[in-house]
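Q: With the sequence up front, the predicted model follows.
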Amino acid sequence: MQPEHPVAGAAVALGRALREAGLAASVDEEMVLCRALGELDVRRHAHVYWAARATFVRSRDEVPAFDAVFQRFWAGLGLEPGESMI
C-alpha cells in the first residue's frame, strides 16, 4: 500500500531504503520527516537533506550510508539499482 501524498510516499521510500542500507530508520521517524517537510520548501535540496539527516542519522558512522541513499533519492534515480522513482 502506497501513501496517497507524494511527500509521504517519498519519506516512506527513503526510510525503507535507509533500513536496507543498515540504518535503524523507523516508521515513526518517517512520520516525523513528513511533518518536517510540511514546514519546509521541499524543492530545496538543503532543506530536505538536513531534515532527513536530522531525523534518521544517529551517529557520524551512519552519514556515508545516508549520503549515498539520499543522493540517489534526490536525483530521482530510485533507491535500488535499476529502479527509477520517476
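A: Alright, I've got the coordinates.
Q: the helices in the chain, which residues?
A: Remark: helices assigned in the chain by DSSP state H are 6-20, 27-37, 45-56, 63-75.
Q: okay, these, which one's buried deepest?
A: Among the helices of the chain, ranked by average contacts under mean count of other Cβ atoms under 10 Å, first place goes to helix 6-20 (a mean of 19). From N, CA and C alone the C-beta is placed, and that goes for glycine too.
Q: Tell me how far the closest residue to Leu14 other than its chain neighbours lies from Arg60.
A: Distance criterion Cβ to Cβ, 6 or more residues apart in numbering; nearest residue to Leu14, sequence neighbours excluded, is Phe73 at 5.3 Å. Computed as Cβ to Cβ, to the nearest Å, the Phe73 to Arg60 distance reads 20 Å.
Q: what residue lies at the spatial centre of this structure?
A: Nearest to the mean C-alpha position of the chain, by Cα atoms, centre = their mean, lies Leu14 at 3.2 Å.
Q: Can you give me every residue that contacts Ala75?
A: By Cβ atoms under 8 Å, 6 or more residues apart in numbering, the contact list for Ala75 is empty.
Q: Tell me how far it lies from Asp61.
A: Ala75 sits 24 Å away from Asp61, taking Cβ to Cβ as the criterion.
Q: gap between stretch 51-62 and the chain center?
A: Offset of stretch 51-62 from its chain centre (Cα atoms, centre = their mean, to the nearest Å): 10 Å.
Q: Please read the previous query as pertaining to stretch 66-75.
A: With Cα atoms, centre = their mean, you get 8 Å for stretch 66-75.
Q: Also stretch 23-40?
A: Per Cα atoms, centre = their mean, the centroid offset for stretch 23-40 relative to its chain is 8 Å.
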